[in-house]
Each structure stands twice: as C-alpha cells, then as structure tokens.
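> Okay, structure incoming, though there's no sequence with it:
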C-alpha cells in the first residue's frame, strides 16, 4: 500500500472512531446502521464524495484485517451514497489518458529525460510497463531515491521473461488488502513493442545491480521515484499536449482506455488493473487528439 493511502486510511479510521466516541458508541466491529449514521453525519458536514469513499474504504479494510463482516456493503448505505453523489455532483477527473500513439511519441523524446542512455531506457520501460499492465505508480517506484520497501516495490526478481512472454509479480497493491500479490503475464504476440522495450531494459538492468533491488534504477544507483516519473513525463510530452492534465496515473488511465477500445472483456480489464468492482469504468476516457 502506498504511504499516502496508508495515511488517508489512518485519517479515516480516526474520523470514524472520534464520531463513535462522540455518540458514546463502540466503533469496532461496526454495524451497518452505525456506518450509515456516520456517512449521513459526514454528508451533512459537506465532505467531498472522494474523501467519503476513502474513509469507507478504511473502515472496510479494518474489518477485513480483523476477519469481521464488512459493514460498508449494505443496500441502504449504497442508496445513501448514491443520493449524496447526486446532490453534490460527481467530481470529474480531468487527467487525460496516455494513448498508444502518445506512448510512442514519449519514446521518441526519451533523450530529453537524461544524458544517460541507461536512464532513457529505464524511463521507456517504466512508461511502457505501467501502461500495458495498468500499474499504479506506487507499484513500480520506490519510497525515495535511497530507500525502498522490499515487500512492495517491484524488483528485478519479480520480472521474468523469455522470447515469447513477459511476466511480472505485483507483491501488493491498493486493493490487495491481504497482500496476496498478483502475477501479470503477456505474450510477446500481444505487443512485440511492449515485450521488447521491457526485456531490453531488463537485460541491461541485471548487469548493474542486485536482483533483489528495485527493477527501475538510475545509472547512478538511485531508485526510481514517483516524482522522477512525473518529471520525465512532463519533459517528454509534445508541446501540443496540456501538461497540466497529464500525471503518472495517466499511464494507468490510458492502458485501461486502450484495453476497452480494443474490445478486451471487462473481466480481463478488471483482473489486469486489480479492480474488484465497476469502478474501472471511471478510467475509460475518450482519446484526446495528440
């Protein structure tokens, strides 16, 4: 789980606990009625729907971790949430997708990211892997340039390939509350471009640093971070693109949009993106002109 998500969940747990204390009620384990009252209370305070969703996810996760029934799945609560969204309006995510064509344009401009050829190859592989496997940036970057979490960060040991396939293991993610991990596999026939970019970088990477270190590392030995990805993306975007509307998450959005445009089954898209509900539909965007 990303540090920012962990902090947000901790805030949600504290908010729920404080509410229960103010009502002289025990918070854990919570009943559906108690969570419904809490949501109504938050709605009346004018809380954003996005924040409300995070707080509910925190409550659900806490119950799953303790093997308690999830109180956030009641039909009445879903009706309350739907009413709240209709009254408040749904915030429109303005981020644009990285289209397959734009991804190739980014590759043609990798020389703008660094004067080190290895770093250019690293950014190209990171962009491509994130797009094809719908990765969250926290799943393939490190905590800082000098620190990583071996239980979460994608390492060289987690990436396997041969001439016909590419496979990577995501050890934990935002929706993987039990940290079971998931292995994502592609055949080279699906996209020779994706396979060759990622395996080509991997061949270089394995000669430089230990296999139990992060997969994405600079020539200097620094680990790739979220801010590195964002900065490199901004440098590579063509002048015709609105840089303010692209972020590291645009690779995940673009990958999901491209998969839907290719007619891939909903189940396959959800599995690849580790979505457990129809929330993936929020990621399907019209392709902008680039």
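Nice, thanks for sending it over. Everything numeric here is computed off the predicted structure, so don't read it as measured data.
> got a list of what residue 249 touches?
Contacts for residue 249 (C-beta atoms under 8 Å, 6 or more residues apart in numbering) come out as 95, 136, 137. Where you see a C-beta, it was placed from the backbone N, CA and C, and this is true even at glycine.
> residues of the host helix or strand of residue 13 that come out buried?
For residue 13, the host element (DSSP states H and E) is helix 3-22. Under the neighbour-count criterion of 16 or more other C-beta atoms under 10 Å, helix 3-22 has 5, 8, 9, 12, 13, 15, 16, 19, 20 buried.
> still on that earlier bit, in TSV, list the contacts of residue 249 along with distance to residue 34, neighbour count and secondary structure.
Converted to TSV, the contacts of residue 249 look like this (distance: C-beta to C-beta, whole Å; neighbours: other C-beta atoms under 10 Å; DSSP: H, G, I helix; E, B strand; the rest coil):
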residue	distance to residue 34	neighbour count	secondary structure
95	35	17	coil
136	31	21	coil
137	35	21	helix
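> In space, what's closest to residue 174 - neighbours in sequence excluded?
Using C-beta to C-beta, 6 or more residues apart in numbering and skipping the chain neighbours, the partner closest in space to residue 174 is residue 5 (5.7 Å).
> Was I right to think that neighbour contacts residue 176?
No - between residue 5 and residue 176 there is no contact under C-beta atoms under 8 Å: 11.5 Å.
> okay, and for this structure, where does confidence drop off?
Applying pLDDT under 70 to the chain flags the ranges 1-2, 46, 84-93, 177, 277-279, 286-290.
> at 80 instead, please
The chain contains residues with pLDDT under 80 at 1-4, 22, 43-50, 80-94, 173-179, 276-290.
> Tell me where it has strands.
Taking DSSP state E, the strands of the chain run over residues 159-161, 165-170, 182-187.
> These: which one's closest to residue 223?
Residue 223 sits nearest to strand 159-161 of all those, at 15.3 Å, using C-beta to C-beta.
> ok, back up a step: relative to residue 169, which of the buried residues of helix 3-22 is nearest.
residue 5 (19.9 Å).
> Can you give me the distance of the closest one to residue 64?
Taking C-beta to C-beta, to the nearest Å as the measure, residue 5 falls 15 Å from residue 64.
> One more: residue 24?
Residue 24 sits 26 Å away from residue 64, going by C-beta to C-beta.
> Give me the more crowded residue out of the two.
residue 64 (13 against 6; other C-beta atoms under 10 Å).
> doesn't residue 178 make contact with the more buried one?
Yes - assessed by C-beta under 8 Å, residue 64 is found in contact with residue 178 at 7.3 Å.
> what's around residue 107, how many residues?
Residue 107: 16 surrounding residues under other C-beta under 10 Å.
> these two touch, right, it and residue 125?
No - counting by C-beta under 8 Å, residue 107 sits too far from residue 125 to count as a contact (10.1 Å).
> what is in contact with those two at once?
residue 197.
> so who does the spatially most central residue of the chain touch?
Nearest residue to the geometric centre of the chain (C-alpha atoms, centre = their mean): residue 136, 2.3 Å. Neighbour list for residue 136: 2, 173, 174, 249, 252 [criterion: C-beta under 8 Å, 6+ apart].
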